[in-house]
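Colleague: here is a sequence with its predicted model. Questions after.
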Amino acid sequence: ITGVDFGFVLVSPSDNQSGADSRRWTAARVKATSATLSGVDAISGTLTGLTFDLNRASGKLNAVEQSTAIDFSNAAIEFGTPANANTKINFSDKKFSLSATTDITVGSFVGLKGSISITKTDKDLELSNSKTVTANVLAIGGSGLTGFAGLNSGDTAATGLTLTGIEFALAIATDAADSSRRWTSLDAEATSAELKNLTGFGLTGANLAIEVNRADANGVVVNYKKTPLSIDIGGGNTRQMQLDGASGETTFVKGDLDLKAMDLFSAKGAATLRKSLGTVAQVDGTTTAVNLLTLALENVDAFAGTKGQTTTTGTSDTPSTGAPTAATPTDHGLKLTGANVALAIATDVADKTRKWQAIKASSASVSAVGLNSVSLSATNLTVEINRPDSNGKVIDWSVLPLAVTDGANPVKIDIDGKQGALSRARGQLTLTVGGFFHVAGEFALEKSSQTVTLSDAAKSQVAVDMLTIGGRRVAAFAGVNAESTTEANR
């Protein structure tokens, strides 16, 4: 702690000849410019503009425990000449609080910036093994903060979600009988989120819940569902810590998220973001230790294809202002209903600048969007995206598959890295074009960005998003009533 101003008062009875009065009173006010956190497992960071207030009582009067503090409001104590307003003690009741502006990181997964309140208490806590301990609890809370959730929080190579509108409660509990046992737990929510530091991918969210519940050295966590903890978050408000210890050690973000990838695939719905350690295989057979950020979306709507530009036109009602009508996207591709989607972001533990991304999604219900004169149906559609690191190397997920889930429908990312960088959708499709050409079989849809040459005299070149559809082992028909399922009607 640096830049400290403080005032400290110790009070005891002046007449205690009988020895029946062992009361003691302690009051303090401390202000400091900055402080660095130390000795707290899984938490690092700094605090600025600190104010610590203490007003407490202890001891016995006639063998009865006493807890009534001194009321200094009408007889404030000032320190220094001239008096230092920073250290004036004028508390009216019991007090133990610390307020500050913080920049802290929890478990290299969550970062928090803003004004906080810190309190200390003793509490009996039930653990996930059903045993109860008396713990010294340092509680930190705040609201209206900004922050981050993802890989390498607090680092320039951080990859994950930037958060706004954060309300949080953080508890650091230490076993009163064994100071080597310590638990760190975070319960928070954020109003909005946006993906940071991931080229080609977009992720935004709202109404997010954030949970970190770290175990002690024995793998045991606190079950705050059984023993809730009320934590001051400032402004006279509190937040209830109620993490379910039956879930074991947890590190995740849940909420409504909107995912976009490589201008080919998008999905939106309830999702869960988790952080973990893992090992991935390269195409050359080597393995790499990685930090993994996984996103699971289950039973959501998704889209695979080319997203068109939004078009607007003036209306006859508002010609002078040129106000547009409602935007009309001109999308071309496949709509997936009830899709299960998995995103994996891997960062090399030894080199945080090396990043890989992969998406796998599956859907049993598919329909065509924006494909004029084309009717299409599909079953067992799978979307696969496998993006390389900055050296052009991809992960071979087929060697060490990764199961991503937040429910009963896990999605296994098992993309064959020997196929190189991929952005494709494939499945069993039935396609009819203009009522004349009909095909059914195994199809693949791939998206790429290219430059095409037009057939005009100038041989004009145009940069385009190209969507290609190919098939193999297909049955085809060309002629009248191609869409009919019976040969007699064709």
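Modeller: Yep, it's here.

Colleague: may I see the buried residues of stretch 165-184?
Modeller: For stretch 165-184, burial by neighbour count (16 or more other CB atoms under 10 Å) applies to 165-175, 181-184. (Glycine included, C-beta is placed from N, CA and C.)

Colleague: in strands, which of those appear?
Modeller: When strands are assigned by DSSP state E, the members of these inside them are 165-175, 182-184.

Colleague: go through the residues you listed and name the one nearest V220.
Modeller: Out of those, the one with the shortest distance to V220 is W183. That distance is 8.1 Å, counting by CB to CB.

Colleague: can you pull the contacts of the closest one?
Modeller: Taking CB atoms under 8 Å, 6 or more residues apart in numbering as the definition of contact, the neighbours of W183 are A135, A171, I172, A173, N213, R214, A215, D216, V221, V222.

Colleague: neighbour-wise, which of these leads?
Modeller: Each of these was scored by neighbour count (other CB atoms under 10 Å); the top score is that of V222, with 28 neighbours.

Colleague: that one contacts D187, correct?
Modeller: No - with contact defined as CB atoms under 8 Å, V222 and D187 do not form a contacting pair (11.4 Å).

Colleague: spit out the residues that contact these two alike.
Modeller: Taking CB under 8 Å, 6+ apart as the contact rule, V222 and D187 both touch L243.

Colleague: can you classify the closest residue to K95 other than its chain neighbours by secondary structure?
Modeller: When the adjacent residues along the chain are set aside, K95 lies closest to N55, with 4.1 Å between them (CB to CB, 6 or more residues apart in numbering). For N55, the secondary structure call by DSSP: H, G, I helix; E, B strand; the rest coil comes out as strand.

Colleague: how far away is N55 from A358?
Modeller: Taking CB to CB, to the nearest Å as the measure, N55 falls 56 Å from A358.

Colleague: who's more crowded, these two?
Modeller: Between N55 and A358, counted using other CB under 10 Å, A358 has the larger neighbour count: 26 against 23.

Colleague: by contact count, what packs against the helix or strand encompassing that one?
Modeller: Using DSSP states H and E, A358 maps to strand 355-363. Strand 355-363 is packed against strand 265-281, strand 287-306, strand 332-348, strand 374-387, strand 411-413, with contacts defined by 3 or more CB pairs under 8 Å, 6 or more residues apart in numbering; DSSP states H and E.

Colleague: may I have the strands that pair with it, each with its orientation?
Modeller: When pairing is defined by DSSP bridges, strand 355-363 lines up against strand 332-348 (antiparallel), strand 374-387 (antiparallel).

Colleague: okay, now the unreliable bits of the stretch 1-150 of the chain?
Modeller: Low-confidence regions of the stretch 1-150 of the chain, defined by pLDDT under 70, span residues 81.

Colleague: strands along that one, start to end?
Modeller: 5-11, 24-36, 43-58, 60-61, 64-65, 95-106, 110-126, 132-151 (DSSP state E, counting those that start in this stretch).

Colleague: tell me how far Q17 lies from N62.
Modeller: For Q17, the distance to N62 (CB to CB) stands at 14 Å.

Colleague: and D351, by the same measure?
Modeller: 69 Å.

Colleague: more neighbours: those two, which one.
Modeller: Ranked by neighbour count (other CB under 10 Å), D351 and N62 place D351 first, with 11 against 8.

Colleague: contacts only, for that one.
Modeller: Taking CB under 8 Å, 6+ apart, one finds nothing in contact with D351.

Colleague: now with 10 Å?
Modeller: The contact partners of D351, by CB atoms under 10 Å, 6 or more residues apart in numbering, come to A157, T288, D389.

Colleague: per-residue confidence for it?
Modeller: D351 carries a pLDDT value of 92.
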